[in-house]
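J.: Here is my input, please return the structure:
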Amino acid sequence: MKKLLSIILCVVLTVSLSACGGSEKESTSDIPLIGISQYGEHPSLDNCFKGFLLGLEEAGLKEGVDFNYIYQNAGFDDNIAVQIAQNFSAKNVDLMCGIATNSATACYAAAESKNIPVIFNAITDPVEAKLDSGNVTGISDKLPIEAQLKLIRTCQKDAKTIGIVYTTSEPNSVSSIAEYREKAPQYNFEIVDIGVTSQSEVTQAIDSLIQKDVDCISNLTDNNVVGVLDTILDKTNDAGIPVYGSEIEQVKKGCIASAGIEYVELGKKTGLMAAKIIKGEASCEEIPYQTVTDFKIYINSEELQKLNIILPQSVTDNAIDICENK
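T.: From the prediction side, this is the model:
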C-alpha cells in the first residue's frame with residue numbers, strides 16, 4: 001500500500017509541474033543551471049524569454065556546454081509563481097531569471113536565503129517592487145508614457161478622456177497609473193482608470209469604460225489585461241473605441257498604435273547580464289539595474305482605417321507600420 005501511495009504522489013507532482021507549462025533542461029554535471037520563471041504566456045513576455053536566450057548566445061555561451069536551463073510559466077497565478085521559484089531553490093540552480101514582476105519577486109524571495117543571483121526582466125518599477133538592492137539586477141521596461149500621451153493627442157485631436165484598466169497588486173501598473181494621472185493634464189486629458197484584482201474582472205472593467213463613453217483606451221504592460229487583449233478588442237471594436245497598446249505585439253493584435261519598446265532586445269540585455277554572472281565576471285551588486293528608454297512608434301494602418309483615423313505625415317514618416325510586411 002505504501003508503495004502504491006508513493007507512485008500516486010509521484011504522478012501528482014509530475015502533473016502539477018506540467019500544468020505550469022514549460023520545459024526542463026537540467027544539468028547532469030557541473031554545468032551552471034539557470035531557472036527561468038515566466039509569469040504567463042503572452043507575446044511580449046514570450047519575447048523576453050526568447051531574447052534572454054539570445055543574449056546568452058551573443059555572449060558566447062552555448063546551451064548544454066556553458067549552461068542548461070529550466071523554464072516554467074505560472075499561468076498568471078501568483079501561487080504557482082511562488083511554487084516555481086521554490087522548486088528552483090530546492091534544485092539549487094545557479095541563477096534565476098524572473099520574467100515580469102510577480103515571477104521576479106517570487107524568485108528573489110526563494111533565492112535570498114541561499115544567495116542565488118536573480119535577474120529580472122520586464123519590470124517597470126524595480127524600486128516599488130523592492131528589487132533594487134541585494135543579489136538581484138535586471139532591466140526595467142518603464143513605459144514611455146509622455147510619448148504615448150503625445151501620440152494619442154496627435155491621433156485624436158478632440159479626445160478628452162483616456163480609459164485604463166490596471167491590476168491594483170502589480171507595482172508596474174500602480175507606478176504607471178500614477179504617472180499617467182500626473183502627466184495627462186499637460187495634454188488636456190482626463191484619466192478614467194479602473195483597478196482590478198484578477199484577470200476575471202478585466203472584461204467587466206472594459207464594459208464599464210465603454211459605458212462611460214471614454215474617447216479611447218490605453219493599455220499598460222499589465223499582465224492580467226494583456227492576457228485577455230483579444231476579448232478587449234472585440235468589445236472596443238464593436239463600440240468604435242480606439243485602443244492604444246504599450247508595445248509592438250499589442251499593435252499586431254489589433255491596437256491602433258503604440259509608443260513602445262522592443263521586448264526581444266529587452267530580453268537580450270538581461271541575457272548579457274546573466275552571462276557576466278555565469279562567467280564570474282561580475283556579481284549582481286556590481287551590475288546596476290538598467291532602464292530602457294529607447295522606444296519606437298508602431299501603428300496598425302488597417303485598424304486606423306477601420307476607425308477613420310488619419311495620422312499626420314509627421315507621424316507616419318517616423319512610425320513602423322506592422323501591416324506593411326503582412
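J.: give me the number of residues near residue 280?
T.: Taking other C-beta atoms under 10 Å as the criterion, the count of residues near residue 280 is 8. Placement of C-beta: from N, CA and C, glycine included.
J.: For it, grab phi and psi.
T.: As for residue 280, its main-chain torsions (degrees, to the nearest 10) stand at phi 80, psi 20.
J.: Kindly report the same for residue 218.
T.: Main-chain dihedrals, residue 218, degrees, to the nearest 10: phi -120, psi 130.
J.: beta partners of it?
T.: For residue 218, the beta-bridge partners are residue 244 (DSSP bridges).
J.: What residues of the helix or strand harbouring residue 178 count as buried?
T.: Taking DSSP states H and E as the definition, one finds residue 178 inside helix 171-183. By neighbour count, with 16 or more other C-beta atoms under 10 Å as the criterion, the buried positions of helix 171-183 are 171-177, 179-180.
J.: Next: stretch 297-306.
T.: Under 16+ other C-beta under 10 Å, the buried positions of stretch 297-306 are 297-301, 303-304.
J.: if I look at residue 64, how far off is residue 267?
T.: Residue 64 sits 20 Å away from residue 267 when distances are taken as C-beta to C-beta, to the nearest Å.
J.: sorry, back to before: and the buried residues of stretch 297-306 as a markdown table, adding distance to residue 84?
T.: Listed next are those as a markdown table, based on distance: C-beta to C-beta, whole Å:
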| residue | distance to residue 84 |
| --- | --- |
| 297 | 36 |
| 298 | 32 |
| 299 | 37 |
| 300 | 34 |
| 301 | 40 |
| 303 | 36 |
| 304 | 40 |
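J.: Can you pick out the most distant pair from the residues you listed?
T.: 297 and 303 (14.6 Å; C-beta to C-beta).
J.: wouldn't residue 97 be in contact with residue 121 here?
T.: Yes - under the criterion of C-beta atoms under 8 Å, residue 97 is in contact with residue 121, at a separation of 6.3 Å.
J.: who touches both of those two?
T.: Shared contacts of residue 97 and residue 121, defined by C-beta atoms under 8 Å, 6 or more residues apart in numbering, are found at 52, 270.
J.: Give me the distance between stretch 205-212 and the centre of its chain.
T.: Between the centre of stretch 205-212 and the centre of its chain there are 24 Å (C-alpha atoms, centre = their mean, to the nearest Å).
J.: What residues sit buried inside it?
T.: Within stretch 205-212, the residues that qualify as buried are 205-206, 209-210, counting by 16+ other C-beta under 10 Å.
J.: For residue 157, state which of these is nearest.
T.: In terms of C-beta to C-beta, no member of these lies closer to residue 157 than residue 209, at 20.8 Å.
J.: Run through the helices of the stretch 201-326 of the chain in chain order.
T.: 202-211, 223-226, 229-239, 248-253, 263-278, 301-306, 313-316 (DSSP state H, counting those that start in this stretch).
J.: got a pLDDT number for residue 262?
T.: Looking at residue 262, its pLDDT stands at 88.
J.: from memory it sits against residue 249, does it?
T.: No - using C-beta under 8 Å, residue 262 and residue 249 do not qualify as a contacting pair, with a distance of 9.8 Å.
J.: Neighbour count: these two, which is higher?
T.: More neighbours surround residue 249 than the other of residue 262 and residue 249, with 23 against 20 (other C-beta under 10 Å).
J.: My guess is the more buried one contacts residue 41. True?
T.: No - counting by C-beta under 8 Å, no contact exists between residue 249 and residue 41, whose distance comes to 11.9 Å.
J.: all helices for the stretch 51-200 of the chain, in order.
T.: 78-90, 101-111, 145-155, 171-183.
J.: And those: which comes nearest residue 286?
T.: The closest approach between residue 286 and any of the helices of the stretch 51-200 of the chain, judged by C-beta to C-beta, belongs to helix 101-111 at 17.2 Å.
J.: quick one: average confidence on the closest one?
T.: 96.
J.: List the buried residues for that helix?
T.: Within helix 101-111, the residues that qualify as buried by neighbour count (16+ other C-beta under 10 Å) are 101-108, 110-111.
J.: C-alpha coordinates for stretch 148-156, CSV please?
T.: Taking C-alpha atoms only, stretch 148-156 is exported to CSV below (Å, rounded to 0.1, in the frame of the first residue of the first chain):
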residue,chain,number,x,y,z
GLN,A,148,2.2,57.8,-25.6
LEU,A,149,0.1,60.8,-24.5
LYS,A,150,1.6,62.8,-27.3
LEU,A,151,0.8,60.0,-29.8
ILE,A,152,-2.8,59.8,-28.5
ARG,A,153,-3.2,63.6,-28.8
THR,A,154,-1.9,63.6,-32.3
CYS,A,155,-4.2,60.7,-33.4
GLN,A,156,-7.3,62.2,-31.7
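J.: residues in contact with that stretch?
T.: Residues from elsewhere that reach stretch 148-156 (C-beta under 8 Å, 6+ apart): 159, 162, 180, 183-184, 186-189, 215-216, 218, 242, 244, 246, 256-259, 297, 304, 309, 311-312, 314-315.
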